[in-house]
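Chemist: Need coordinates for the following:
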Amino acid sequence: MILGVPLWALAVIALALLVGTMVQGLVGLGLGLVGAPIATLVPPELMPGLLLSTAVLLPLLQLATHREEIDWRGLAWALPARIPGTVIGVWLVAAFTERQLSVAVGVMVLAAVLLTWHTVTVPIDPSTLVGAGVISGITSTATSIGGPPIAILYQHRSPVQIRSTLAVYFVLGAVFSLIGLGVSGELQAREVWLAGLFVPFLLAGLWLSRRVGRRVSAVRVRSAMLIVCAASAMTLLVRSLVA
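Modeler: Prediction:
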């Protein structure tokens, strides 16, 4: 047992983080989709602090070696817009049930994936960046899934820009959330320390993603990213229906 967590539980979380990191290293998001359900089922008392801490560490590890093509202009519009989105998300959490929110977000993300897969190309401009930032703030606060709105917007950019821009967005967003949890007293020190123990598995996941990424074209990366977004929406829907 380490810091009060059984070794078998740590092994299960480590495997989930390894797979989630490999997916995120390839398409730009996926750690939360794979890691959150597993971590919530195994030691729920460690959530959301443990996953948010790893959500800070992973993008930092990505940016340590890949900082090219970051869309700083786009982030300058999307990140501030996340703040009012977070406020709206807090209000929605208070006004609606978790099931209602999960169904609404799941349907919205699925509709966006279907519309943009072959038919609609959304331009990246200040209005769409602000809109995606607000929606991401709402969905991340209400359901812990905030990546798809930004990922769908950037789906036609190069894989390198998708991964690096989303990495910056995720690390700053996770920092905002951790600060909020810390101020409210909902963040425990052991959650942060445990996240540090999983760094070798994050590094292994990134290594695997780079080995796989050399054999994957930009078109396939875009398709995989949209599939991950759709899977996150389906996860929300299934979770809300069986709860």
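Chemist: Mind listing residues that contact stretch 79-90?
Modeler: With contact meaning CB atoms under 8 Å, 6 or more residues apart in numbering, stretch 79-90 is reached by 129-142, 146, 169, 172-173, 176. Using the backbone N, CA and C atoms, a C-beta is placed for each residue, glycine as well.
Chemist: what helices or strands is the helix or strand of the chain with the lowest mean pLDDT leaning on?
Modeler: Of all helical and strand segments in the chain, the minimum by mean pLDDT, DSSP states H and E falls on helix 31-41, at a mean of 73. If you count contacts as 3 or more CB pairs under 8 Å, 6 or more residues apart in numbering; DSSP states H and E, helix 31-41 packs onto helix 7-27, helix 49-65, helix 218-242.
Chemist: helices or strands up against the second one?
Modeler: Other elements packing on helix 49-65 under the criterion 3+ CB pairs under 8 Å, 6+ apart are helix 7-27, helix 31-41, helix 159-184, helix 189-197, helix 199-213.
Chemist: quick check: angle from it to helix 189-197?
Modeler: Interaxial angle of helix 49-65 relative to helix 189-197 (axes from the mean of the first three to the mean of the last three CA atoms, to 10 degrees): 40 degrees.
Chemist: cool, and the longest one?
Modeler: On the basis of the same axes, to 10 degrees, helix 218-242 is oriented at 150 degrees to helix 189-197.
Chemist: now swap in the first one and tell me
Modeler: Comparing the axes of helix 7-27 and helix 189-197 via the same axes, to 10 degrees yields an angle of 60 degrees.
Chemist: Which positions within helix 7-27 qualify as buried?
Modeler: By neighbour count with 16 or more other CB atoms under 10 Å, helix 7-27 contains the buried residues 9-10, 12-14, 16-27.
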